[in-house]
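> Provided below for reference: sequence and predicted model.
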Amino acid sequence: MDRKWISAAVALTLTFGLGACSTAPEESETEQGTENTPVVETFSAEYEMQGTTSAGLPKNDTFIFEGTTTDGIITELNFDIIRNKGMEDEYSKKDIMGYMMNVSDASVTANEDGTYTLSLGANGYDTAYGEGSAAQFMVTAATNNLTTETTFKDLTFTDLATQSEIDVERAMIPFGYVAREAGVELTPDTLVSDLIAQHGLYKDGAFVEGSNRISFAGFNGGRSYGEQIDAIVDYILANNMTLEDVYEMFQTVNQAGTPIEDRDTISGATISFVGDFQRMVYVAIHGELFQGVVTHTTADGKTTVEVVTQGYGGEIETHVTFDDETKRIESVTVRDAQESDGIGAVLTADGSDFLNSLVEGQDDLSSVETVSGATMTSNALIDAVNYALEYYNGL
């Protein structure tokens, strides 16, 4: 049975490790030929994912997963995600200055009259702030007349998502996280100087011009994105995990469809392990991603072709059933998928309109339109049917 592998389709840049791609330990690192000599191997993989940001802008994320195993156990690990690698606006999503999650920005500028202009932000998540996607907050507090007497209620608060002002009571929800990080109990009468002291913009009784970003402990314990990635690395190393263990964790602890407040945390990380985490580790183990026909079965005049493709949440296992008399597709079903609830999962559900459109459009799959907001899932299912057609016609 031939297997097809993703290559340029996912733009992989690889330095392989483990298995057939193992890098042998150097002679200088360990004595060779003794029975108790540990087997030290290196692994390194880069997986590039292209798509769009939550704001609808193009994005290009390169997942880096590299390190060392000793007798199969990961003993050194570097895990990073680089946005726009090799481009002018490249940055690491581990960098607290590079990605907005559980962070607060503050900026202080002196005015000619001896006062200061302040901009203070809070970015995070809290179900008390809003329902559904509105629970994610991006809020700024500002004043052009900052003094040592300025209190929290004197600021003007703006929700950046809606570009509308909010009142002080609602603003206390996001900025409560900033206050707790500063060891301050936030009330409308809290001095603003107490809040921005942790940003280094108020020292020794005076304001300091400049800007700074800090992180804070978020709704479910996670901190900034980079600190959460580091927490995942620490968890992997502390639990003596193999690459296979990590792949299984990213696959089974995938909480993309689970509300943040209900997610289990991994040592302070509330990141959902979507398909890119799994693919990254799979590449480190196998060198490339599998995509194609796995097997087929024939019974009662029908042939079912089992296909694996790569969706947003990870592997999608699709079963394409042909009528052996008419040689046409009779049904398309998804046996296993991890696509997001309410988005990709709508397409993979039994009897979905999209699956039916694949059956109806089997003569010209290029005419089947992808679903906005679920492009990766759409393309994965279209690819699955294409693989099945090619395979079946070759039997």
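Ah, there it is.
> Correct me if wrong: residue 383 contacts residue 308.
No - contact criterion Cβ atoms under 8 Å: residue 383 and residue 308 do not qualify, at 10.0 Å. Any C-beta I mention is one placed from the backbone N, CA and C, and that applies to glycine too.
> For residue 102, see how far away the closest residue to residue 227 other than its chain neighbours is.
If the residues on either side of it in the chain are set aside, residue 227 comes closest to residue 215, at 6.1 Å by Cβ to Cβ, 6 or more residues apart in numbering. Residue 215 is 6 Å from residue 102, where distance means Cβ to Cβ, to the nearest Å.
> Buried residues of stretch 315-333, list them for me.
315-322, 329, 331-333 (16 or more other Cβ atoms under 10 Å).
> And the strands in the stretch 201-350 of the chain?
202-203, 206-207, 210-215, 289-290, 292-299, 302-310, 315-323, 328-336 (DSSP state E, counting those that start in this stretch).
> Dump the ones you listed to CSV, plus mean pLDDT and distance to residue 178.
Putting the strands of the stretch 201-350 of the chain into CSV (pLDDT from 0 to 100; distance: least, Cβ to Cβ, whole Å) gives the following:
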stretch, mean pLDDT, distance to residue 178
strand 202-203, 96, 13
strand 206-207, 96, 17
strand 210-215, 94, 8
strand 289-290, 80, 41
strand 292-299, 88, 50
strand 302-310, 91, 39
strand 315-323, 92, 40
strand 328-336, 92, 42
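> Looking at residue 215 and residue 102, which one has more neighbours?
residue 102 (26 against 20; other Cβ atoms under 10 Å).
> returning to that earlier point: what's the overlap in contacts for residue 215 and residue 102?
223-224 (Cβ atoms under 8 Å, 6 or more residues apart in numbering).
> ok, back up a step: and the two most separated of the buried residues of stretch 315-333?
Farthest pair in the buried residues of stretch 315-333 (Cβ to Cβ) is 315 and 322. Separation: 22.2 Å.
> gap between stretch 73-91 and the chain center?
13 Å (Cα atoms, centre = their mean, to the nearest Å).
> Now do the buried residues in it.
73-74, 77, 79-83, 85.
> how about TSV for those residues, with secondary structure, pLDDT and distance to residue 388 added?
Formatted as TSV, those follow (DSSP: H, G, I helix; E, B strand; the rest coil; pLDDT from 0 to 100; distance: Cβ to Cβ, whole Å):
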residue	secondary structure	pLDDT	distance to residue 388
73	strand	97	39
74	strand	98	37
77	strand	97	38
79	strand	95	35
80	strand	93	37
81	strand	91	33
82	strand	92	35
83	strand	88	35
85	coil	89	34
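> Most widely separated two among those?
In those, two members sit farther apart than any others by Cβ to Cβ. They are 73 and 83, at 30.7 Å.
> Could you verify my assumption that residue 352 touches residue 346?
Yes - counting by Cβ under 8 Å, residue 346 is a contact partner of residue 352 at 6.3 Å.
> Got the domain ranges for this structure?
5-97+223-286, 103-215, 291-393 (automatic domain parsing).
> Just the terminal-to-terminal distance for the shortest one.
This stretch, domain 291-393, spans 18 Å end to end (Cα to Cα, to the nearest Å).
> Report all helices and strands that the longest helix along the chain contacts.
Looking across the chain with DSSP state H, the single longest helix is helix 375-393. Using 3 or more Cβ pairs under 8 Å, 6 or more residues apart in numbering; DSSP states H and E, the elements in contact with helix 375-393 are strand 292-299, strand 302-310, strand 315-323, strand 328-336, helix 344-348, helix 353-360.
> any residues touching it, and which ones?
4, 51, 291-293, 296, 303, 305, 307-312, 316, 318, 320, 322, 327, 329, 332, 334, 337, 339, 343-344, 347-348, 354-355, 358, 362, 365, 368, 370-371.
> wait, what's in contact with residue 306?
293-297, 317-319, 335.
> Quick check: closest non-adjacent residue to it.
Counting by Cβ to Cβ, 6+ apart, the residue nearest residue 306 is residue 294, at 4.6 Å.
> secondary structure element for residue 140?
Using DSSP states H and E, residue 140 falls within strand 136-146.
> What average pLDDT does whichever helix or strand comes after that strand get?
Scanning forward in sequence from strand 136-146 by DSSP H and E, the next helix or strand is strand 156-159. Strand 156-159 carries an average pLDDT of 97.
> partner strands of strand 156-159, parallel or antiparallel?
As defined by DSSP bridges, the strand partners of strand 156-159 come to strand 136-146 (antiparallel), strand 164-166 (antiparallel).
> can you give me the offset of it from its chain's centre?
The answer for strand 156-159 is 28 Å, by Cα atoms, centre = their mean.
> likewise stretch 123-136?
In terms of Cα atoms, centre = their mean, the centre of stretch 123-136 is set 18 Å apart from its chain centre.
> And the domains of the chain, which one averages the lowest pLDDT?
Among those, domain 5-97+223-286 carries the lowest mean pLDDT, a mean of 74.
> Can you pull the phi/psi pair for the residue nearest to residue 324 when sequence neighbours are not counted?
Spatial nearest neighbour of residue 324, chain neighbours left out: residue 301 (5.0 Å); criterion: Cβ to Cβ, 6+ apart. Main-chain dihedrals, residue 301, degrees, to the nearest 10: phi 80, psi 20.
> any idea how far residue 301 is from residue 326?
Relative to residue 326, and taking Cβ to Cβ, residue 301 is found at 10 Å.
> can you check residue 118 too?
72 Å.
> How are the helices of the stretch 1-150 of the chain distributed by residue range?
Counting by DSSP state H, counting those that start in this stretch, one finds no helices in the stretch 1-150 of the chain.
> I meant to write the stretch 151-300 of the chain there.
168-181, 192-196, 225-238, 243-252, 275-286.
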